[in-house]
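Participant: just a sequence and a predicted model for now, questions to come.
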Amino acid sequence: MDLTVRPRRLRSSETLRRMVRETRLSPASLIYPMFVMDGKDKVEEIPSLPGQFRYTVDRMEEELFLLKEAGVSQVMLFGIPDRKDEVGSQAYDPNGVVQRALHRAREVCPDLYLITDVCMCEYTSHGHCGVLCGKDVDNDRTLELLARTALSHAQAGADMVAPSDMMDGRVAAIRRMLDEEGFIRTPIMSYSVKFASSFYGPFRDAAGSAPSFGDRKSYQMDYHNRREALKEALLDVQEGADILMVKPAMSYLDLVREVKDATTLPLAVYSVSGEYAMVKAAAEKGWIDEERIFCEMAVSAFRAGADLYITYYAKELARFIKEGRIG
Ligand code: PB1
């Protein structure tokens, strides 16, 4: 056949395929979500997230060392307090579980980069991401508590704070509080484009953070919307976010690309608990090759435009990158 152009020419060997590979991964781009809970000397596997655990502060170091050994240097901490109340007061308690975990992590693994999730849902008795006014989340009252929470994390040693609440104006409120209190160097990774997704179920089981009534649709985005993603991302840029995020990942890669093309900040993508649990369940059934699937999911997020990838598979991915099995 008289073919001049043959795309297959560049696929003829592993060496050639690697030479022309367009998406490359680095362990430096991986962030591991980790659950820390009140109590002593406990490590509990999370039924809905096989292979993921809740750690008491005195037991978290074993996981931190495994992360370092695998080549993961960034951790995002999620607190699971033993006491919850209407205003989520444990979220901004200087002696709260995340605050104590930060001190401990700094002590045992000083060179780990510590990011904290800033939200109220793990700390409120009603499970919403803010304080209530009747049946609605009071946006502006919640801003004060989010800012206090972020400040308490910075004061406890967080390198970066990541507000996941989706309240209007929270990046500006947190930035103002951090700056007023002298934390002008603490970056904000904003969960900018976060959808009211059904992919968060396993996380809510893990953190006991499902809303006790209603849902999160009055603050998390409607997944039918696309332009609104840019509106939210650009607002966070204006408010002073240092890193943007799209969440979930797998079903939202179109928006990862759009946000990436429309902004100039680093972009994180969060492969959430439901994505992880689906892979685990199908792998347990023997229906899929787990390792190939989670590698393909990760590469897809980076190909779509992610600069950072928050994933429960961070240790495995870091190991595979080092072994040259992906990226
Ligand atoms: O892995 C996950 O599902 C993450 C869930 C995510 C954590 N930032 C939110 C889940 C939810 O909306 O309930 C927590 C929101 N603050």
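Facilitator: Now that the structure is in, tell me what you want to look at. Quick caveat: nothing in here was measured; it's all calculated off a predicted structure.

Participant: how much distance is there from stretch 239-250 to the middle of the chain?
Facilitator: Between the centre of stretch 239-250 and the centre of its chain there are 9 Å (CA atoms, centre = their mean, to the nearest Å).

Participant: how long is that stretch from one end to the other?
Facilitator: 27 Å (CA to CA, to the nearest Å).

Participant: what about the longest helix in the protein?
Facilitator: Determined from DSSP state H, the single longest helix within the chain is helix 139-156.

Participant: list the buried ones in that one?
Facilitator: 139, 142-143, 145-156 (16 or more other CB atoms under 10 Å). To be clear about C-beta, it is placed using only N, CA and C from the backbone, and glycine gets the same treatment.

Participant: go through those and name the one nearest residue 115.
Facilitator: Checking those against residue 115 with CB to CB, the nearest one is residue 153 at 9.2 Å.

Participant: list the contacts for that closest one?
Facilitator: Residue 153 makes contacts with 98, 99, 102, 116, 118, 161, as judged by CB atoms under 8 Å, 6 or more residues apart in numbering.

Participant: again, only using 10 Å
Facilitator: The neighbours of residue 153, taking CB atoms under 10 Å, 6 or more residues apart in numbering as the test, are 77, 79, 91-92, 96, 98-99, 102, 114-118, 159-162, 174, 178, 183, 186.

Participant: ok, which of the residues you listed also contact the ligand?
Facilitator: residue 117 (CB under 6 Å from any ligand atom).

Participant: narrow the contacts of residue 153 to those in strands?
Facilitator: Judged by DSSP state E, strands contain the following of these: 77, 79, 114, 115, 116, 117, 118, 160, 161, 162.

Participant: now for the closest residue to the last one other than its chain neighbours, how many residues are close by?
Facilitator: Distances taken as CB to CB, 6 or more residues apart in numbering place residue 189 nearest to residue 162, at 4.2 Å, with adjacent residues excluded. Number of residues near residue 189 (other CB atoms under 10 Å) recorded here: 27.

Participant: now do residue 189, the pLDDT please.
Facilitator: Looking at residue 189, its pLDDT is 98.

Participant: and what of residue 327?
Facilitator: If you check residue 327, the pLDDT there is 80.

Participant: now list the buried members of the ones in strands among the contacts of residue 153.
Facilitator: Here, 16+ other CB under 10 Å leaves 77, 79, 114, 115, 116, 117, 118, 160, 161, 162 buried among these.

Participant: in CSV: the residues you listed, plus distance to residue 26 and pLDDT.
Facilitator: Formatted as CSV, those follow (distance: CB to CB, whole Å; pLDDT from 0 to 100):
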residue, distance to residue 26, pLDDT
77, 22, 98
79, 28, 98
114, 19, 98
115, 17, 99
116, 23, 99
117, 23, 98
118, 26, 98
160, 18, 98
161, 23, 99
162, 20, 98
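
Participant: tell me the one of those nearest the ligand?
Facilitator: For these, the residue nearest the ligand by CB to the nearest ligand atom is residue 117; the value is 5.3 Å.

Participant: so what's the closest one up against?
Facilitator: Listed by CB under 10 Å, 6+ apart, the contact set of residue 117 reads 33, 76-79, 91, 98, 149, 153, 161-165, 189, 191, 207, 310.
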